[in-house]
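*Asks:* Fold the following for me, if possible:
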Amino acid sequence: FSEKYKSQRYFAYFQSYTNTYKNINELEKIYLEALNYDKIEGMVVATRPDCVNDEIFEMISNIAKNKYVSIEFGAESTNDKTLKFINRGHTWQQTVDAVFLAKRYNLNCGLHFILGLPGETENDFYEHAKKISKLPVDTLKLHQLQVLKETKLHEIFISNPELFIDLSFENYKKIIIRFLENLNQNIIIDRLTSESPKDMLIYPNWNGMKNFEIVHIINNEMKKKNTWQGKEVK
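*Replies:* Model prediction:
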């Protein structure tokens, strides 16, 4: 990117896996090393809600005095039955506790959610929005469920297709709009969808639509419907 966009600045994104699951001194060394690179203005740390504590957040909050820092928790669902079924290994209450702990240290905080998990209905998604709205989160990343080849989810998709809702783009667009209507308008949406390699993807098939195209379509649809994020929030 730096070759093409000479003036662009960056965040170091600790994305895959659990980026607070290490000795605290090693974590601090890794974070500071990343922040020391030229043009790095801050960092985003993705982790699990059950892999944080006061000691870690105290260290990160000290770093945040001089650099932008955001913590992102992989929450995926507010439904404990779903979390158990997909083997997440944590509860919704642990996510709630982790968010409030991060805020105790004045850290920016975001959540990741998947819409379309097995066994969940559209009403469950709107309940997710309402529960998220009650939390002091700053950002939210949404992903449609994606079934990939040769995974446990692929096996479930074949053996129990009734557990999966219609995730055609037209239906997902409708779901996203209603989800946003039930979401606190102060929460910044970082992402509405995710994208997997075509050769790995079993379901849903959106013919390679890009994220920016989807955002454009949803924006236009919401304008047409005269609706907005937070419209249904009481």
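*Asks:* where do the helices sit along the chain?
*Replies:* Here the chain has its helices, by DSSP state H, at 24-35, 54-63, 80-85, 92-104, 122-133, 152-159, 169-181, 211-224.
*Asks:* packing partners for the fifth one?
*Replies:* Secondary structure elements in contact with helix 122-133, counted by 3 or more Cβ pairs under 8 Å, 6 or more residues apart in numbering; DSSP states H and E, are strand 108-115, helix 169-181. Quick note: C-beta positions are derived from backbone N, CA and C, even for glycine.
*Asks:* Go through the longest one and flag the buried ones.
*Replies:* Burial within helix 169-181, assessed by neighbour count using 16 or more other Cβ atoms under 10 Å, is assigned to 169, 172-173, 175-181.
*Asks:* so which of these would you say is closest to residue 88?
*Replies:* residue 179 (20.3 Å; Cβ to Cβ).
*Asks:* check contacts around the closest one.
*Replies:* 115, 125-126, 128-129, 142 (Cβ atoms under 8 Å, 6 or more residues apart in numbering).
*Asks:* Next: residue 177.
*Replies:* 218, 221-222, 225, 227.
*Asks:* Report the buried members of these.
*Replies:* 218, 222.
*Asks:* would you turn the contacts of residue 177 into TSV with distance to residue 21 and pLDDT?
*Replies:* Below are the contacts of residue 177 laid out as TSV (distance: Cβ to Cβ, whole Å; pLDDT from 0 to 100):
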residue	distance to residue 21	pLDDT
218	35	97
221	40	97
222	39	98
225	43	97
227	40	98
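*Asks:* Can you lay out the contacts of residue 177 as TSV showing distance to residue 150?
*Replies:* Output for the contacts of residue 177, formatted as TSV (distance: Cβ to Cβ, whole Å):
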residue	distance to residue 150
218	31
221	35
222	37
225	40
227	40
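*Asks:* Just give me the closest of the contacts of residue 177 to residue 153.
*Replies:* Using Cβ to Cβ, residue 218 comes nearest to residue 153 of the contacts of residue 177, at 25.3 Å.
*Asks:* That closest one touches residue 175, doesn't it?
*Replies:* No. Contact criterion Cβ atoms under 8 Å: residue 218 and residue 175 do not qualify, at 10.5 Å.
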